[in-house]
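[1] here you go, sequence then predicted model.
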Amino acid sequence: MDENHDPPIEDESSSSSSGTSRRGFLTQVAVAGAGLTLAPLLTGAQEIILETPPAQPQTSMVILTVNGQKHTLNMDERTTLLDALRENLAMPGTKKGCDHGQCGACTVLVNGRRINSCLTFAAMHQGDEITTIEGLAKGDELHPMQAAFLKHDAFQCGYCTPGQICSAVGLINEGHAKTDADIRELMSGNICRCGAYQNIVEAIKEVKNV
Amino acid sequence: MNEVVGKPIDRVDGRLKVTGKATYSAEYFPKNMVYGVLVLSTIAKGRIKNIDSRQAERAPGFVGIMSYKNSMSLHFPQSSDPGSGKFAEKDLLPMQNDRIFYDGQAVAVVMAETFEQAEHAASLVKIGYEIEKPAIKLEENLSTKYKPVSGLGGAKIQVSRGVADAALQTSEVKFEQTYTTPVYHHNAMEPHATVAEWNGDKLMVYDATQSVAGSKNLLSSMLGVPPDKVNVTALYIGGGFGSKGFSWPNTVLTAMAAKQVNRPVKLALARQQMFTTAGRRSQTIQKISFGATSAGKLNAIKHDTTSESSFVDEFVEQAGVATSIIYSCPNVEVSHSLVRLNRGTPCPTRAPGEAPGTYALEVAMDELAFELKMDPVQLRLVNYADTDEDKKKQFSSKSLIECYRRGAEAIGWSQRNPQPRSMREGNYLVGYGMATATYPANRSASSAKAILYADGHAEIMCATQDIGTGTYTVMTQAAADAFGLPVEKIQVKLGNSEYPKGANSGGSQVTASVGPAIRAAALGVLEKLKKMAILDNTSPLHGHKEEDIVASDGRIHLKDNADRGETYTQLLNRQGLQKVEALAKTNVSTRQQTESNPAAAGSADAAAEEESKTNPAVQEDEHVDRKPYTFHSFGAQFVKVLVDPVLNTVKVDKAVAVMDIGKVMNIKLAKNQIMGGMIFGIGMALMEETAYDPNNGRVVTRDLAQYLVPVNADMPQLEVQFIDVPDPYISPIGARGIGEIGITGITVAINNAIYHATGKRVRDLPVTLDKLI
């Protein structure tokens, strides 16, 4: 990534939504994963007035292949794959739960592999086959995993569900899950706050055993 | 016709949810929309000295910034009742002045053409503060505690019967302990989000809320816009658990911002922002005192709770609410005190009061059982409450003894060796624990509209909402039975404030409140059909008496001759009618709280009230004498845990809940709901905790990598059973609420099981492994 895209100074008093720039938070995720705390401390920095003009964002022409369809987007390079799907392509089936790769609601399949779409820039996925929840069913015919989720009531509010289903499809593709405990472990990147976990495992087992 | 209520049908909105087509509030794209990003305070107390937005204004795509300096003036909200709308911070209308009361308080909204640009511009806003010394820790501010007069909606929170102090003195066995619970955050998967669009003087808002009706009322009164000019829509909500029950600053700010820039605005909270500006569960310190006989009969209970609220609203975590009725005891004293801190404002969190409150009370019961060398189940049976001794009323229905019995059997309680740290499985210490689950069965006034179309399908409309609990589905079932139509012919429309006002999704009350209103509206339509047929000289029912005609399977026909009749479709087509509709309002409340929700003149609600005067279903329902009864649900939670004796890691191995919640509307959804509550309780017991920096009052654990919630790998084997006997008095349907009772008792049962496994009693939630060393 081009360094010019960053705000000039990471100043503690610049209290944005997350308190950090997008690049900053990608770093923060790695740190948070290590269990460290990065809550900004109060410093004397409140008085600093920046003199450097803000960097101009760069846009790029990106061709994204989503559910078999090509989309040409002239897009801010800072756009994550998640935001590109939800906002630029108006395909909000993929959900934003934390924007930090901690909840799994944004899970999509890239070349058949499950990834957190909030942790990757859209511009990095030209030429990839991206599959979202909107692309799993064939017309009116649900994907077997979607049908199994419906049958086993593997959700309540439905907000984590697209991510859970994409993750479950990815899990089957990986072929590692042999036992219930494997499924639970390998699905633990997808949080369901409503707590439909037991039903999610039942749904996955049904598809896996076919 | 076979009843659909009680059948385990799939969720009617399930197909939309598994295909990604259910639209949540952030998923609307009005033309010309801009993105708003909140800027939050970085100090816990003080004043804004200056806001330097020069850099932000030069950022590409910048559209506008709103702060107290240029925001429109707000009016005070006209409602403080969650049913009609409760703004979360009554003493802090957002962005009206320079005062800061907590870290993470909304101080500006920055708008730009794209989300990336808005985030970037927001990061460039420089805010200077005048910092004052905040009150941060509950333990260090106890000298400021006071006794609030009442709880939410006027609930009675200082309770006294008999002479608890004197009885304690003279009791054979005395027990006293203090228990603490930390701040918890709801963390629904969908962050709070709002899209607001003005069309002239009309405001359209898509809002993630547990009350479209309340959100609309608040926007109307706070912005000074007539109610009929405001619409709030929330077709799908990604969980709430209480956090979307009150209205938070983000909603009204989005509408204000949209007005300021004269363009639609989308504003979604980042996960981090939800830790300060979208509610939380209060921290509690609870002292429990028991006086008992050596046989375990309780003679006195005292439950004293100290919790904390912000400086901008008074929210009391009513931890003692269940204590006065859960067991039979002549002398009871329940008290609540409050300390104000410079923290974000708390609000109801799944089973507010009962969840932390039963934790303290029921761990104390377990301690008393061990002290008396009694079986914990036996201690509860000895103190079983046949009646509500606080209000001196009967329970409308109660099967708690059966819940204990079935739960004990399912967990294998009889194999339990009562001696702590006596049982092992391989390398693991084994522990069994149990507790009572309890939650009031709330019902409040609700209205609904039913429309039957000539093609044979029917629609229901109600301004309640489905926050993920399954309201669309169970209301479809209730409507199908009332209409005598298959579920495929029913379409239930919720989540739009234009519909007749339904209950807010709080207090586990929607099923019990809205179900009867929908049923009555559907039956109201059928009454009209009967009257029509009687007057129609070409109808086979012409001239018959109304009371001799019944409806089933899409037909009206004679009660004692089913062949004599006709289909709804035949009648409507012959009459040349496209549809027949009815409004109904059931004015029944089982709540303690005083409610003042008069229907506004000219509203759909007022029309429903008027039409209901001649609706037999409403009249029958409203004339049930409910005064002799307390409506309350009970259940039992039983848990088996495995504890690693070297690492002190705790794994819940099996958890069983047996619940008496009246009629079960849909066992598939009901089990899921209870399991969800149990899992919330596992988080509360073992891992969830919000930590504040003791120096500056900032939330340290402000994301899902630091605020841990249960994941799939944490799951035990979960078993849920229901008594499934309809409550004869709550409503004609007989169902009580189910959303919250599942979290009560489970946290305790886990705690008690850990003690049984290890011999170590932890009185400070969560039970993390460091506390077991």
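    Right, received. Where do you want to start?
[2] wait, doesn't B:A270 sit right on A:G97?
    No. Counting by C-beta atoms under 8 Å, B:A270 does not reach A:G97; the two are 10.7 Å apart. For every residue, glycine as well, the C-beta is placed using N, CA and C.
[3] please parse chain A into its domains.
    A:3-47, A:59-133, A:144-208 (automatic domain parsing).
[4] the last one vs chain B: in contact?
    Read it as domain A:144-208. Yes. Applying C-beta under 8 Å from any C-beta of the partner chain, one finds domain A:144-208 in contact with chain B at A:146-147, A:149-151, A:153, A:155-162, A:165, A:181, A:183-185, A:187-201.
[5] wait, a strand at A:S60?
    Yes. Counting by DSSP: H, G, I helix; E, B strand; the rest coil, A:S60 is part of a strand.
[6] quick one on the thing from earlier: which stretch in the domains of chain A is the model least sure about?
    Sorting the domains of chain A by mean pLDDT places domain A:3-47 lowest, at a mean of 41.
[7] how about the biggest helix by length in chain A: buried residues?
    Using DSSP state H to define each element, chain A has its longest helix at helix A:161-174. For helix A:161-174, the neighbour count (16 or more other C-beta atoms under 10 Å in any protein chain shown) marks A:T161, A:P162, A:G163, A:Q164, A:I165, A:C166, A:S167, A:A168, A:V169, A:G170, A:L171, A:I172 as buried.
[8] and stretch B:377-391, by the same measure?
    B:V377, B:L379, B:R380, B:V382, B:N383, B:A385, B:D388, B:E389, B:D390.
[9] coming back round to it: which one of B:A270 and A:G97 has more residues nearby?
    Between B:A270 and A:G97, counted using other C-beta atoms under 10 Å in any protein chain shown, A:G97 has the larger neighbour count: 27 against 23.
[10] contacting residues for the more buried one?
    A:103-106, A:159-160, A:163, A:191, B:189-191, B:271, B:704 (C-beta atoms under 8 Å, 6 or more residues apart in numbering or on different chains).
[11] if you set the cut-off to 10 Å instead, what comes out?
    Residues near A:G97 by C-beta atoms under 10 Å, 6 or more residues apart in numbering or on different chains: A:82, A:103-106, A:116, A:118, A:159-160, A:163, A:190-191, A:193, B:187-191, B:238, B:271, B:704.
[12] cross these against strands and list the overlap.
    Using DSSP state E, A:N116 are the members of the contacts of A:G97 that sit in strands.
[13] and of the domains of chain A, who's closest to B:L400?
    domain A:144-208 (23.9 Å; C-beta to C-beta).
[14] how about the lengthiest helix in chain B, which residues are buried there?
    Taking DSSP H as the criterion, chain B has its longest helix at helix B:510-535. Neighbour-count burial for helix B:510-535, counted by 16+ other C-beta under 10 Å, picks out B:510-527, B:529-530, B:532-534.
[15] tell me, how many residues neighbour the residue in the stretch 51-200 of chain B that chain A sits nearest to?
    Per C-beta to the nearest C-beta, B:S123 is where the stretch 51-200 of chain B lies closest to chain A, at 3.7 Å. B:S123 has 27 neighbouring residues, counting by other C-beta under 10 Å.
[16] now the phi/psi pair for it, please.
    Main-chain torsions, B:S123, degrees, to the nearest 10: phi -70, psi -20.
[17] and the strands in chain A, which stretches?
    Using DSSP E, strands in chain A cover A:59-66, A:69-76, A:107-110, A:113-116, A:129-131.
[18] thinking again about what came up before, just the closest of the buried residues of stretch B:377-391 to B:F275, please.
    Once C-beta to C-beta is applied, the member of those that ends up nearest B:F275 is B:D390, at 36.3 Å.
[19] my read: that closest one touches B:Y327, true?
    No. Using C-beta atoms under 10 Å, B:D390 is not in contact with B:Y327, being 11.1 Å away.
[20] hmm, A:H152 is touching A:I165, no?
    No. Counting by C-beta under 10 Å, A:H152 does not reach A:I165; the two are 11.9 Å apart.
[21] check contacts around the closest residue to B:E688 other than its chain neighbours.
    Using C-beta to C-beta, 6 or more residues apart in numbering or on different chains and skipping residues adjacent in sequence, the residue nearest B:E688 is B:Y184, 5.3 Å away. B:Y184 makes contact with B:241, B:280-283, B:346, B:349-350, B:355-356, B:680, B:683-684, B:688-690, B:707, B:709, B:765-766 under the criterion C-beta under 10 Å, 6+ apart.
[22] let's see that with 8 Å instead.
    Contacts of B:Y184 (C-beta under 8 Å, 6+ apart): B:R280, B:R281, B:T349, B:M684, B:E688, B:E689, B:T690.
[23] these in strands, which ones?
    Assigned to strands by DSSP E, none of those qualify.
[24] contacting residues for residue 182?
    Using chain A here. A:D182 neighbours (C-beta under 8 Å, 6+ apart): A:H176.
[25] my question was about chain B
    B:P182 neighbours (C-beta under 8 Å, 6+ apart): B:Q283, B:E688, B:E689, B:T690, B:A691, B:L765, B:P766.
[26] burial measure for the first one, as a count.
    What it means is B:Q283. Quick note: B:Q283 (other C-beta under 10 Å) scores 25 neighbours.
[27] please apply the same query to the fourth one.
    For B:T690, the tally of surrounding residues (other C-beta under 10 Å) stands at 21.
[28] partners of it in the sheet?
    Taking DSSP bridges as the rule, B:T690 bridges to B:V183.
[29] hmm, B:T701 and it touching each other?
    Yes. B:T690 is within contact range of B:T701, at 5.5 Å (criterion: C-beta under 8 Å).
[30] what's the overlap in contacts for the two?
    Contacts common to B:T690 and B:T701, judged by C-beta under 8 Å, 6+ apart, are B:F275, B:Y707.
[31] hang on, the earlier thing: common neighbours of B:A270 and A:G97, please.
    B:P191.
[32] re earlier: which members of the buried residues of stretch B:377-391 are positioned in strands?
    Here DSSP E is the test, and the buried residues of stretch B:377-391 give B:D388 as lying in strands.
[33] pull the number of nearby residues for B:Q578.
    B:Q578: 11 neighbours (other C-beta under 10 Å).
[34] now it. Nearest residue, chain neighbours left out?
    Here the residue nearest B:Q578, using C-beta to C-beta, 6+ apart, is B:A454, at 5.4 Å.
[35] find me the pLDDT at that neighbour, would you?
    B:A454 is given a pLDDT of 98.
[36] B:A112 and B:V125 touch, don't they?
    No. The criterion here is C-beta under 8 Å, and B:A112 misses it with B:V125 at 11.8 Å.
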